[in-house]
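Novice: Just to be clear, the model below is a prediction. Sequence and coordinates:
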Amino acid sequence: MRKVYLTLRCEFDPEGVVRPVEFLWEDGRRFPVDRVLDVRRAVSLKTGGRGIRYTVRVLDREVCLYRDGDRWYLEAP
């Protein structure tokens, strides 16, 4: 597994809570985030690193996005 760093479009509510809305894949494809299912501090066991894990639904699939400081990534084969 490897970390794929992404460009994300996010929304912020008045309290400063971040909600990912869409991400851009390496090849330029855009993927909308349909729903945020869970947000928690977590460690990426497959690639190492820690941060905030956003479990989201994208195109009827559950995907884990990781926020490590100001950078976002997901785990890919």
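Specialist: Sure, I can see it.

Novice: now what about the strand ranked longest in the chain, what contacts it?
Specialist: Longest strand of the chain, by residue count under DSSP state E: strand 2-12. By C-beta atoms under 8 Å, 6 or more residues apart in numbering, the residues outside strand 2-12 that reach it are 18-26, 44, 47, 49, 65-66, 71-77. Placement of C-beta: from N, CA and C, glycine included.

Novice: List only buried entries from the residues you listed.
Specialist: Taking 16 or more other C-beta atoms under 10 Å as the criterion, what is buried in the contacts of strand 2-12 is Val18, Pro20, Phe23, Ser44, Leu65, Tyr66, Trp72, Tyr73, Leu74, Glu75.

Novice: surely the fifth one meets Leu74?
Specialist: Yes - taking contact to mean C-beta atoms under 8 Å, the distance of 5.4 Å between Leu65 and Leu74 places them in contact.

Novice: is Arg2 in a bridge, and if so with what?
Specialist: Beta-bridge pairing for Arg2 (DSSP bridges): Ala76.

Novice: Let me see the confidence value for Asp13.
Specialist: According to the prediction, Asp13 has pLDDT 95.

Novice: most centrally placed residue in this structure?
Specialist: Leu65 (2.3 Å; C-alpha atoms, centre = their mean).
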